[in-house]
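Trainee: The following block contains a protein sequence and its predicted model.
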Amino acid sequence: MRAVNPRTWSRFALVVLLAACGTRSGLLSDTEAPDPGFPVADAALDAPVADALPDTSTDAGLDATDAADAEVDAFVDIDALPPIEAGVADVDRRDCTDPSQTLIYVVSSQNDLYAFDPPTSSFRLVGPLSCPAAAGETPFSMAVDRNGVAYVVYSDGNLFRVSTRSGACAATPFAPNQSGFSTFGMGFSSEAGGPAERLFVMHEDGNGVNPSQLGWIDTRTFKLNIVGTTAPPLGRSELTGTGDGRLFAYAPDDFGNGSALAQLDKSNARVIGRNRLQAGGAGQAFAFAFWGNDFYIFNSPGGATTVTRYRPADNSEVVVATTPATIVGAGVSTCAPQ
């Protein structure tokens, strides 16, 4: 899931509705109780990540038929798409710890890693990231796998693996700018209900012309594979996935207020459902994550971050927390409660 530093982007996100209400803050110190989330040792950063999925993608991206279909879909009114459904399918959690103890992890532009506990709407500082990033480069987006290992992409496109226990960090062999993906939003989504999963990424070049492209990164080889171009088109977007195999994009309206939450077909990048939201807007850093059948949206319009819980079941938006940190990325395991 990505949150980005404010910059000028194209307008593919959507107009919005709904009201937000209520607020409370809770930034906890690093002296509080240990994280009850994933028991991941720092040594796990050096271990290969299992990926039982065959490589069915090609660098060629869309074939001629899909490209033609995408061109037609680009003119479909986003309002004609069905809303996102709140229901879920069966999930295989035999390899998971207690889902209720699974947390959302977020990273700030100040290079700090936090744990966010949805039931209490509170933050706890894990610690600073120790990534060997180039001077002046900052976190851009992040995702978390089923083992509780975070993947953080920096503003220069380099990808790192991070312990959610301590912030310990190791470089990956990922080569930046593969297929033109300089920086990207990202999120894991399970395959067939788990435990296999893929790291999906979304890129938009910000030139005001091209819609976002969806791809996925093989976390064994760190090769980026193109899925396709979003249709109807989305602009800059963040991703989050679920244990039952769904993939969602959060796209703010960069020429106004509000945003859109879109469900994506992982096989071709088509938008298959959408809900309009009030949270977010132009020129904001942002991130989001799925937990307990709700979406938690982190928006930073001016440094500090507001956390909004969006509940598809009743279409409600509620501000549940604030923090002075500028959150630019969020990630949650596909073992999280559904």
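Mentor: Yes, it's here.
Trainee: Let me see the contact set for residue 265.
Mentor: Taking CB atoms under 8 Å, 6 or more residues apart in numbering as the definition of contact, the neighbours of residue 265 are 271, 272. Every C-beta, even on glycine, is put in place using the N, C-alpha and C of the backbone.
Trainee: Per-residue pLDDT of it, please?
Mentor: For residue 265, the model assigns a pLDDT of 96.
Trainee: and if you look at the one 10 residues further on?
Mentor: On the pLDDT scale, residue 275 is placed at 91.
Trainee: a strand runs through it, doesn't it?
Mentor: Yes. Residue state for residue 275 (DSSP: H, G, I helix; E, B strand; the rest coil) corresponds to a strand.
Trainee: list the contacts for it?
Mentor: 83, 84, 260, 261, 310, 312, 315.
Trainee: Could I have the buried ones of those residues as PyMOL selection syntax?
Mentor: Under the burial definition 16 or more other CB atoms under 10 Å, those of the contacts of residue 275 that qualify are selected in PyMOL by:
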select buried, resi 84+260+261+310+312
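Trainee: If we only consider the contacts of residue 275, which is nearest to residue 170?
Mentor: Closest approach to residue 170 among the contacts of residue 275 (CB to CB): residue 261, at 32.7 Å.
Trainee: Check whether that closest one really touches residue 84, as I assumed.
Mentor: Yes. Here residue 261 reaches residue 84: they are 6.4 Å apart, a contact under CB atoms under 8 Å.
Trainee: what do those two both touch?
Mentor: Overlap of the contact sets of residue 261 and residue 84 (by CB under 8 Å, 6+ apart) consists of 248, 274, 275.
Trainee: Dump these to JSON lines, plus distance to residue 154.
Mentor: Converted to JSON lines, the shared contacts of residue 261 and residue 84 look like this (distance: CB to CB, whole Å):
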{"residue": "248", "distance to residue 154": "24"}
{"residue": "274", "distance to residue 154": "30"}
{"residue": "275", "distance to residue 154": "31"}
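Trainee: quick check, nearest of the residues you listed to residue 210?
Mentor: The shortest gap between residue 210 and any of the shared contacts of residue 261 and residue 84 belongs to residue 274, at 19.8 Å (CB to CB).
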